[in-house]
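*Asks:* this is a predicted model, with the sequence first.
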Amino acid sequence: MSDLPSTRPYLLRAMHQWCEDNGFTAYIAVAVDDSVRVPRQHVVDGEIVLNISSDATGALVMGNDAIEFKARFGGIPQNIFVPVGRVQAIYARENGQGMAFPVEATPSVSVDAAIEHTDSKGGLALVVGGESGAVTDSNLPDAADDGTAEEDNISKPPRPTLTRIK
């Protein structure tokens, strides 16, 4: 019997589509290593949470090997590359419903070869999260700021929880 392809990319696409169809915001939790291309300053404890909804991404491609898209971090356009094996969970921000996955060893996917298109147009946003909750592009400090933000102006939605059912 030959090796079957992983079901993970199919389940990720299905959950993303379910979120889009129901007006939910799809988030992915990613275990970051050298194969993941994200702004490292937003990685907390080796993890990053990314908003992959159509409103927050440009040129989203959810392939069998990797998830690629363009997003803005602090107003700066970035190319994001996440091997599907590094995705720990996908869930809806609004209700926490989703799926969790074990982290796999990094597949040999060429990050540079996979990300070759750059388009800085469009109002993209990205959500990242750590212990303190989600931070959106609109409330990240600009590069010219001293890094402090007025707590009154930052709206932090409650961090959803994902329950793993075995």
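*Replies:* Perfect, thanks for sending it.
*Asks:* separation between residue 71 and residue 3?
*Replies:* 33 Å (Cβ to Cβ, to the nearest Å). (Glycine included, C-beta is placed from N, CA and C.)
*Asks:* let me redo that: residue 33
*Replies:* According to Cβ to Cβ, residue 33 and residue 3 sit 23 Å apart.
*Asks:* just want to know which of these two has more residues nearby.
*Replies:* Higher neighbour count among residue 33 and residue 3: residue 33, with 13 against 5, using other Cβ atoms under 10 Å.
*Asks:* any stretches of the chain with poor pLDDT?
*Replies:* 1-2, 106-166 (pLDDT under 70).
*Asks:* hey, where'd the strands end up in it?
*Replies:* 26-31, 47-51, 58-62, 66-73, 76-83, 87-92, 98-100, 128-130, 133-135 (DSSP state E).
*Asks:* and the angle for the fourth one with strand 87-92?
*Replies:* What it means is strand 66-73. 60 degrees (axes from the mean of the first three to the mean of the last three Cα atoms, to 10 degrees).
*Asks:* ok, strand 66-73: who's next to it in the sheet?
*Replies:* Pairing partners of strand 66-73, with direction, according to DSSP bridges: strand 58-62 (antiparallel), strand 76-83 (antiparallel).
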